[in-house]
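Undergrad: no FASTA, just this:
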């Protein structure tokens, strides 16, 4: 087991009531595993079916593997401009 | 016969050595007649085959008729912006 | 008790502001004039004097216009933009006289509730201006020569 | 004796200037930074806070970003614009924090020797920004409610 801190923003931060969510996962872990683990945390039921995830500040595939030390963020639908 | 003052600009003004050219034409007269009459004036040989003509500040067809008192202008290729 | 009233987002654009000027153009003024609480996007265009055209070093440009007709055509273009992009607010200012390299010759600002019509109107106005508005430019070159630009050979 | 040297009109664009700021955006500064003697056209875009969105009276918008990634994505977009429109000079500034109706949330300036690549690059940058850059906005309404905007339902 390891704990991955995941940055959340905007509506996702409201859902989890925090800016960073500590997510317990077993290693090795993919982005999909991480999202699944977040769904069962309080507020995680408010995530959409396929939330966007950024790994080290770049959009990542669901199959990408997550290592301890990676910067992980959940990206709500963007609305800049 | 009547004399129509024709405004000329830019390269056409250089060709005729003036900003206004007095063009003698017989009435009734079309834009095409006016252009033909300008060709035989000094500098008129430098006009292109089909110069644009404005009648009362709007682009006019070669077949449009020119009346005494109309504001007539020869429009060189435009290059604004 | 008074309730604040809001103009609907679909309100018609303002009367277009069109000008031919000899003083330097201030883009901020155009932006200011098209701004409105109903506006969500402002697209602008600036034409500037380039140091090189067609491989020749340019030192300056004289702009000349058939002023009343140029004004009318710019006004007509703004009107056509407003017809095609309902609610767009249009400003067009063209400078005349002698300009140095780097100076602004034309400024266009188009504002709309949404970005696509603002950007499309801006593009339409500059493209139409280039083909219809009776304005001419004489380029002066580093070698002392000068010539009236014929865009059929020298598109910018 | 020295001869003035001119940079060729086809010189590569400057390094893109990208910023996330909390102070009001000054369009003139962006225009200044993309200006160059080789430039003949500058296209700009301003996004502003509208008083109405989707029929609701808006009183203000909070903008929030995943700042380091937003900066990276904006930088990547500017790089892609420079690849697609060689020689284009790009500036993008996005504001964060709380904005009132009429305030500028984003400003883009794209400069090029010619108008088509300047205008096309500007359009590309705002379109890409809207879909990729991790920035969010929470609209506050006249009735006291507020909500994070989901552009899939509320395109601007």
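TA: That came through, no problem. The structure displayed is predicted, hence computed values, not measured ones.
Undergrad: how deep is the closest residue to chain B within chain A tucked in, by neighbour count?
TA: Per CB to the nearest CB, residue A:81 is where chain A lies closest to chain B, at 27.6 Å. (Each C-beta comes from the backbone N, C-alpha and C, glycine too.) A count of neighbours around residue A:81, defined by other CB atoms under 10 Å in any protein chain shown, yields 25.
Undergrad: likewise residue A:68?
TA: Neighbours of residue A:68 (other CB under 10 Å): 10.
Undergrad: That one against residue A:28, yeah?
TA: No - with contact defined as CB atoms under 8 Å, residue A:68 does not count as touching residue A:28 (10.5 Å).
Undergrad: Other residues contacting the helix ranked longest in chain A?
TA: Counting by DSSP state H, the longest helix found in chain A is helix A:31-39. Helix A:31-39 is contacted by residues A:4, A:6, A:21, A:23-26, A:44-45, A:47, A:51, A:53, A:55, A:60-66, A:72, A:74 when judged by CB atoms under 8 Å, 6 or more residues apart in numbering or on different chains.
Undergrad: Could you rerun that using 6 Å?
TA: A:23, A:25, A:44, A:53, A:60, A:62, A:64, A:66 (CB atoms under 6 Å, 6 or more residues apart in numbering or on different chains).
Undergrad: what comes up buried for that helix?
TA: Within helix A:31-39, the residues scored as buried using 16 or more other CB atoms under 10 Å in any protein chain shown are A:31, A:33, A:34, A:35, A:37, A:38.
Undergrad: Around chain D, which positions in chain C sit nearby?
TA: Contact residues (CB under 6 Å from any CB of the partner chain) of chain C with chain D: C:6, C:9, C:28, C:37, C:39-48, C:50-52, C:57, C:101-102, C:114, C:119, C:123, C:156.
Undergrad: mind listing which of the residues you listed are in helices?
TA: Taking DSSP H, the ones among the residues of chain C next to chain D that sit in helices are C:28, C:119, C:123.
Undergrad: quick one: which of the residues you listed is most hemmed in?
TA: Using other CB under 10 Å as the neighbour test, these are led by residue C:119, with 25 neighbours.
Undergrad: Look up phi and psi at residue 23.
TA: No chain in the question, so chain A it is. phi -110, psi 120 (degrees, to the nearest 10).
Undergrad: Please tell me how far it sits from chain D.
TA: Applying CB to the nearest CB, to the nearest Å, the value for residue A:23 to chain D is 17 Å.
Undergrad: is it true that that residue touches residue A:4?
TA: Yes - with contact defined as CB atoms under 6 Å, residue A:23 reaches residue A:4; the gap is 4.9 Å.
Undergrad: got the contact list for the most far-flung residue of chain A relative to its centre?
TA: The C-alpha centroid of chain A is most remote from residue A:81, which lies 24.0 Å away (CA atoms, centre = their mean). Contact analysis of residue A:81 by CB under 6 Å, 6+ apart lists D:47, D:106, D:129, D:130.
Undergrad: still on that earlier bit, ok, whatever helix or strand comes next after the longest helix of chain A: who's next to it in the sheet?
TA: Counting by DSSP states H and E, the next helix or strand C-terminal to helix A:31-39 is strand A:52-55. Its sheet considered, strand A:52-55 pairs with strand A:58-60 (antiparallel), strand A:72-75 (antiparallel) by DSSP bridges.
Undergrad: So for the shortest one, what gets flagged as buried?
TA: When burial is assessed from 16+ other CB under 10 Å, strand A:58-60 yields the following buried residues: residue A:60.
Undergrad: what does stretch C:126-139 give?
TA: Applying 16+ other CB under 10 Å to stretch C:126-139 flags C:126, C:128, C:129, C:130, C:132, C:133, C:134, C:135, C:136, C:137, C:138, C:139 as buried.
Undergrad: quick one: which of those residues sit in strands?
TA: Among the buried residues of stretch C:126-139, the residues falling in strands (DSSP state E) are C:135, C:136, C:137, C:138, C:139.
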